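Q: Following is a predicted model, sequence given first.
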Amino acid sequence: MKENCQNCNTLILDNFCSNCGQKSFKRINKKYIVDELQYTIIHTNKGFLYTLKKLVKNPGKTAREFIEGNRVNHYKPLSLLFILTTISALLMFKLLDMGSIMTKVYSDKKMNSMMMADMYTFMSSYYSLLMMALIPVFAFCTWLILKNWGQNYYEHIIINSYVLSYYKVAYIVFIVPILYFLKNSPELFLNLSTFSFILYVLIYFWFFKGFYPEKSFKEVALNVVLIFLLIVVAYFAFIFIAMILYMIYFAIAYSPKELLEYIKPTGKI
């Protein structure tokens, strides 16, 4: 039976309004709820799992397909990154308890002022969220080095979302289980955590070789090295600025005596 759209009053001749896209009226009942649940779960999982599978097989090609317009079956890259970052952050915070482990590491090295303990605890526990927040910075680095290869800055945000998503998958599947068994060996734990960041170089190389198959091995390798060096500089600059701002805040909020107590080594945490 024909009906008028409840949103714009246009005559609906099919399941959707041709003017505004509103669904034809359907009374909410048991079938409606079941259909909505099936659509939500199956559609979301299909897109998520499909993209995850494609990402694992060839992250660069997957990103290129999305950027060039083949998006109907792909899970949105920023949403994908958010989900993987949330999982990674929960594992680091709850399963690994990285804050306590890193505090012990720096305590053993006598680098244990209250300020350092607080900062390293925060950075270690929320490392995944920090990396996600730095996507615009990473995107600027890759765009700056590869700006002559055709993609604009905003496309580089998508590119780096895929790169970081791939890193998160590798971290969750391979690094987290190993770190879990190294919880009682802080030095090995720290070394592996540091090495896992170096994996970024390999991931960037594989990614850009898949994204730019027409480029030579040498071209991709050289640019990846430049990108990684620029990212390292940007990352430590960000940390340095964050530390300065944190100290300024503490200096304003507390007295000079309290500030000295906060930043000096205590001998214990």
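A: Noted; the coordinates are in hand.

Q: Tell me where this protein has strands.
A: 3-4, 11-12 (DSSP state E).

Q: okay if I get the ones you listed as CSV plus mean neighbour count, distance to residue 61 and mean pLDDT?
A: All C-beta spots, glycine's among them, are computed from the backbone N, C-alpha and C. Shown next, in CSV, are those (neighbours: other CB atoms under 10 Å; distance: least, CB to CB, whole Å; pLDDT from 0 to 100):
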stretch, mean neighbour count, distance to residue 61, mean pLDDT
strand 3-4, 12, 45, 72
strand 11-12, 16, 41, 72
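
Q: could those strands be laid out in TSV, adding distance to residue 78?
A: Formatted as TSV, the strands of the chain follow (distance: least, CB to CB, whole Å):
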stretch	distance to residue 78
strand 3-4	37
strand 11-12	33
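
Q: quick one, what contacts the residue lying closest to residue 65 once chain neighbours are set aside?
A: What sits nearest to residue 65 in space, not counting adjacent residues and going by CB to CB, 6 or more residues apart in numbering, is residue 74, at 7.3 Å. Neighbouring residues of residue 74 by CB atoms under 8 Å, 6 or more residues apart in numbering: 47, 50-51, 54, 62, 65-66.

Q: right, and the strands of the chain - which one's nearest residue 241?
A: Residue 241 lies closest to strand 11-12 among the strands of the chain, at 56.0 Å (CB to CB).

Q: partners of that closest one, with directions?
A: Next to strand 11-12 in the sheet, as set by DSSP bridges, lie strand 3-4 (antiparallel).

Q: Report pLDDT for residue 46.
A: Note on residue 46: pLDDT of 58.

Q: okay, and for the stretch 151-269 of the chain, where does confidence drop off?
A: 186-187, 189-191, 193-194, 254-269 (pLDDT under 70).

Q: Let's see that with 50 instead.
A: The stretch 151-269 of the chain contains residues with pLDDT under 50 at 268-269.

Q: Quick one: the helices in it, in order.
A: 153-170, 176-181, 186-211, 217-253, 256-263 (DSSP state H, counting those that start in this stretch).

Q: ranking those by burial, who's on top?
A: Most buried of the helices of the stretch 151-269 of the chain, by mean neighbour count (mean count of other CB atoms under 10 Å): helix 153-170, with a mean of 22.

Q: Okay, residue 166 and residue 247: tell me how far apart.
A: Distance of residue 166 to residue 247, computed by CB to CB, to the nearest Å: 35 Å.

Q: My error: substitute residue 62 in the last question.
A: 42 Å.

Q: which residues are contacting stretch 198-218?
A: 58-61, 63-64, 146, 149, 159, 162-163, 166-167, 170, 220-221, 223-225, 227-228, 231.
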